[in-house]
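Participant: Predicted model and sequence follow; I will ask about them next.
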Amino acid sequence: MLFITGDMHADPTMVRIDAMAHKREMLMRSPRTDPLEKSHLLMVGDFGYCWHGLEALLKTLSDRLREYNTFLYFIDGNHEDFDLLYSYPIDSETQMRPVCDNIFHLQRGMIYTIDGRTIFTFGGADSVDKAKRTPGYSWWVQEAPTTREWLLGENCLESYDGKLDYIMTHDAPKRILDTLVSQGVMRSVWDCSGIPRMLDNFMYIAENKFPGARWFFGHHHIDIDLCKDAEENSLNCRYTGIFRYVTYLQ
């Protein structure tokens, strides 16, 4: 079972875990479902639990996930304690950062296989409020992807010849954000960096090589399923920004 959700920001109520557990319980009523089947929860950035002083909350989250036989995989957003997050070593076999035995950080510009599905991951975004934050305490320069990471992501997509099921980014391509503004879903685009424009490069590659892939992003705290652009041309991929809810993917 594969689920996806958005910005958690170390939510102490863990409502997304409860929502996932409810959906899992409903699905488990099917006679075709193995009651011992593991669940996998994907999270599109601003995880927030890897933060100085939140060690107990991270353990509580891990314990709750264990109750439901669930593993959580997250990309980084812009509101992360990157000094702490990057202190966790990368597992050479999985290329993930194990934060707990059931919680894993997915790196930028990589393709992973989770529960039989292939997923391209690219975290990072720009904080519009960073001028009000303290460097190294509530804001980190590592939130913005580096040139090396952008190139790694492009090379990964261009060189991969298999089937790609999902794309997970924290921010969204500018073309998608412009469409959301034109449709009145968003009032304006946070045009404070070139990150959405760089994600347009990923979108161009994805639409040409992986037309069946579904794109998920967070950051803007909206829930919408977008299938057309401003000119009413059908998009080859679906772009869903998920904030509060949990979506069952398989």
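Facilitator: Right, received. Where do you want to start? Treat the numbers as computed from the prediction; the structure is a model and nothing was measured.
Participant: just for the protein, where's the confidence low?
Facilitator: For the chain, the stretches flagged by pLDDT under 70 are 190-193, 227-237.
Participant: Figure out the length between the terminal residues of stretch 41-57.
Facilitator: 18 Å (CA to CA, to the nearest Å).
Participant: List the buried residues of it.
Facilitator: Under the neighbour-count criterion of 16 or more other CB atoms under 10 Å, stretch 41-57 has 41-51, 54, 57 buried. Where you see a C-beta, it was placed from the backbone N, CA and C, and this is true even at glycine.
Participant: Nearest to M203 among those?
Facilitator: V44 (15.5 Å; CB to CB).
Participant: For that closest one, grab phi and psi.
Facilitator: Note on V44: its backbone torsions stand at phi -90, psi 40 [degrees, to the nearest 10].
Participant: hang on, the earlier thing: including distance to K174 and secondary structure, could the buried residues of stretch 41-57 go into a markdown table?
Facilitator: Output for these, formatted as a markdown table (distance: CB to CB, whole Å; DSSP: H, G, I helix; E, B strand; the rest coil):
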| residue | distance to K174 | secondary structure |
| --- | --- | --- |
| L41 | 28 | strand |
| L42 | 23 | strand |
| M43 | 23 | strand |
| V44 | 17 | coil |
| G45 | 17 | coil |
| D46 | 20 | coil |
| F47 | 24 | coil |
| G48 | 25 | coil |
| Y49 | 29 | coil |
| C50 | 28 | coil |
| W51 | 29 | coil |
| L54 | 33 | coil |
| L57 | 34 | helix |
